[in-house]
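# Sequence and predicted structure are below.
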Amino acid sequence: MRGMRGMESMLRFLVVASALCVAYARPLSAQDDVGLPVGTAVTSSIPVENLDGQPVDLASYVGKKPVLIEFWATWCPLCRALLPKIEATHKRYGDKVEFVVVAVAVNESKRSVKRHLQEHAIPFTFVWDGNGAAVRAFEAPSTSYIVALDARGKVAYTGLGDKQDIEAAVKKALGG
């Protein structure tokens, strides 16, 4: 049984690593045609957990105000590169937009995410996608995938990589 879990974990890691290699191999634009198409409504329940293991519905953040969602991992260099842009945008629009980080469970544990956040204060809501429900719901191709939803819960922007203009993504979600 333990060997199967290890193999499953390694397979998930290889899938994400392959996606990252593809992302590095091609030029990234500010908005790539990745994941959910722009205009898609996000309405269904998406079960995730908070970092204390309590169930959370990711869809509960949708439809109240715009939401910026990042698919993230502690080991992701593109996520690290995006962080200053996201923090600056959060500082400017944090009262108008919800910022949610989906920690993916590829070569990662809740414990490692919590430890990372203790060492690096990051001012966003973090959720744990232990079973991949959010990755599937948002068709996330890899980490550093950003989805901006407008206040009605429709996809206003998707992008991948560290060259994204996060402020422009948020402005699209705000209707501007």
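Thanks, I have the structure now. Values in this document were obtained by computation on a predicted structure and should not be read as measured data.
# Surely L68 and A168 touch.
No: if you go by C-beta atoms under 8 Å, L68 and A168 don't touch, sitting 11.5 Å apart. Using the backbone N, CA and C atoms, a C-beta is placed for each residue, glycine as well.
# More neighbours: which of these two?
The neighbour count for L68 versus A168, taken as other C-beta atoms under 10 Å, is higher for L68 (25 against 16).
# For the more buried one, give the beta-bridge partners.
F99, A148 (DSSP bridges).
# Surely E167 forms part of a helix?
Yes: counting by DSSP: H, G, I helix; E, B strand; the rest coil, E167 is part of a helix.
# Contact partners for it?
Taking C-beta atoms under 8 Å, 6 or more residues apart in numbering, we find E167 in contact with K85, A88, T89, R92, Y93.
# same check, this time on E108
Shown in contact with E108 (C-beta under 8 Å, 6+ apart): A73, T74, W75.
# Next, count neighbours for the second one.
By the criterion of other C-beta under 10 Å, T74 has 18 neighbours.
# neighbours around D95, how many?
Around D95 there are 7 residues (other C-beta under 10 Å).
# same question, the one 5 residues further on
Burial of V100, expressed as a neighbour count using other C-beta under 10 Å, amounts to 22.
# and if you look at A133?
Counted with other C-beta under 10 Å, A133 comes out at 17.
# now P77
Residues near P77, counting by other C-beta under 10 Å: 13.
# so how far is S144 from it?
9 Å (C-beta to C-beta, to the nearest Å).
# Quickly list what's touching both of these two.
D162.
# what about the helices in this structure?
Along the chain, counting by DSSP state H, helices occupy 2-25, 77-93, 110-119, 133-137, 166-174.
# thinking again about what came up before, make JSON lines from the contacts of E167 and add neighbour count to it.
Formatted as JSON lines, the contacts of E167 follow (neighbours: other C-beta atoms under 10 Å):
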{"residue": "K85", "neighbour count": "17"}
{"residue": "A88", "neighbour count": "12"}
{"residue": "T89", "neighbour count": "20"}
{"residue": "R92", "neighbour count": "12"}
{"residue": "Y93", "neighbour count": "19"}
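# which one of the residues you listed sits closest to A140?
In terms of C-beta to C-beta, no member of these lies closer to A140 than K85, at 18.6 Å.
# and the closest residue in space to S44 that isn't next to it in sequence, what pLDDT?
Of all residues not flanking S44 in the chain, A59 sits nearest, at 6.5 Å (C-beta to C-beta, 6 or more residues apart in numbering). As predicted, A59 sits at a pLDDT of 93.
# from memory P55 sits against S45, does it?
No: between P55 and S45 there is no contact under C-beta under 8 Å: 10.5 Å.
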